[in-house]
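Asker: Provide a 3D model corresponding to the input given below.
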Amino acid sequence: MKKINLAITGCMGRMGQQLIKTSKKNKNFKLVSLTENRIINKKIMGIRPNLNTEDTFKKANIIIDFTVPKCTLEVLRIAAKLKKKVVIGTTGFTKREENIIKKYSRKIPILKAGNMSLGVNLLMYLTEIASKSLDNNFLSKVSEIHHKYKKDHPSGTALMLGKGIAVGKNKDFYRLMGKKYLNKKSFPYSKKINFNSLRKGSVIGKHEVSFSSGKEIVSLNHESFDRALFAEGALTAARWMVDKKPGLYSMRNVLNFK
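Answerer: Numbering: from 1, shown residues only. Here you go, the predicted structure:
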């Protein structure tokens, strides 16, 4: 198989650095461009990072983006013009920004996931099943813990899990979304989906979905120990995207969960 020319945005960030390291070990990819939101006066793996421009992405087959929503939308605008495929691991999008991404997906293939981990995507699948199986006497909530540098809350993964609860109930997620707490030791169940986010230390990621009837609690959880698993998942997604037509895809498509 011919190597896939890869561009990585946000190359100086935690995930950008991890993607560079992981892609170096993957024989399916050739790293051709790196970008950052400022001028970097040094080469990384023989490549000088640039700003997000048409010229920067011209040689790439696929762009992997783990940045911030504003940057992601800029990348998509350029990618749509150049007809490049994009894998998005960025989180924290508003409903309006989600709709903009959907519009771009009519022009180019886009794979977007709040979490690239196999285990987390399995957790979401199980969350849907649990939500569908448990009756309306069960209330739900989602909790998550990340390192102190993570800015958005709830995390993209927590929101994914909330959507899983809504899908299981066959209801609109945004109407079911409840309160969003930050750094609370405890928080209540509700008829809506409440979220609590803890930001501390160097925790890579811990997520838990809980359902309570008042008489019993059902909990599903996942913990990440190595950021490399997200980079590996993103590269698996990028390879899967090679022959895909325009559309909005998820890790669920990659993993073939029904």
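
Asker: how about T53, phi and psi?
Answerer: Backbone torsions of T53, given as degrees, to the nearest 10, read phi -140, psi 170.

Asker: name the nearest residue to it, ignoring sequence neighbours.
Answerer: I78 (7.0 Å; CB to CB, 6 or more residues apart in numbering). For the C-beta atoms, the positions are set from N, CA and C on the backbone; glycine is no exception.

Asker: pLDDT value on the one you found, please?
Answerer: Looking at I78, its pLDDT reads 98.

Asker: ok, Y125 touching R252?
Answerer: Yes. Y125 sits in contact with R252 when judged by CB atoms under 8 Å, with a separation of 7.4 Å.

Asker: and for the protein, the residue most distant from the center?
Answerer: Centroid-distance maximum for the chain: K215 at 34.3 Å, with CA atoms, centre = their mean.

Asker: what does the pLDDT read for that residue?
Answerer: Per the predicted model, pLDDT is 96 at K215.

Asker: from C11, how far out is it?
Answerer: Using CB to CB, to the nearest Å, K215 is found at 51 Å from C11.

Asker: domain parsing for this protein?
Answerer: Domain assignment for the chain by automatic domain parsing gives 4-112+227-255, 118-224.

Asker: and A80, what is it in contact with?
Answerer: Applying CB atoms under 8 Å, 6 or more residues apart in numbering to A80 gives the contacts Y104, K107, I108.

Asker: what strand or helix carries it?
Answerer: According to DSSP states H and E, A80 maps onto helix 69-82.

Asker: need phi/psi at the closest residue to K24 other than its chain neighbours.
Answerer: Spatial nearest neighbour of K24, excluding adjacent residues (CB to CB, 6+ apart): M45 at 6.6 Å. Here is the backbone geometry of M45 (degrees, to the nearest 10): phi 50, psi 40.

Asker: report how many residues lie close to M45.
Answerer: M45 has 11 neighbours, counted by other CB atoms under 10 Å.

Asker: that one touches L31, doesn't it?
Answerer: Yes. Assessed by CB under 8 Å, M45 is found in contact with L31 at 6.0 Å.

Asker: what are the boundaries of the strands in the chain?
Answerer: 4-8, 29-34, 62-65, 85-88, 109-112, 139-146, 177-182, 193-199, 205-212, 217-224, 247-249 (DSSP state E).

Asker: pick the most buried one from these.
Answerer: strand 62-65 (a mean of 28; mean count of other CB atoms under 10 Å).

Asker: run through who's touching it.
Answerer: Residues beyond strand 62-65 that count as contacts (CB under 8 Å, 6+ apart) turn out to be 4-10, 19, 57, 71-72, 75, 79, 84-90, 234-235, 238, 241-242.
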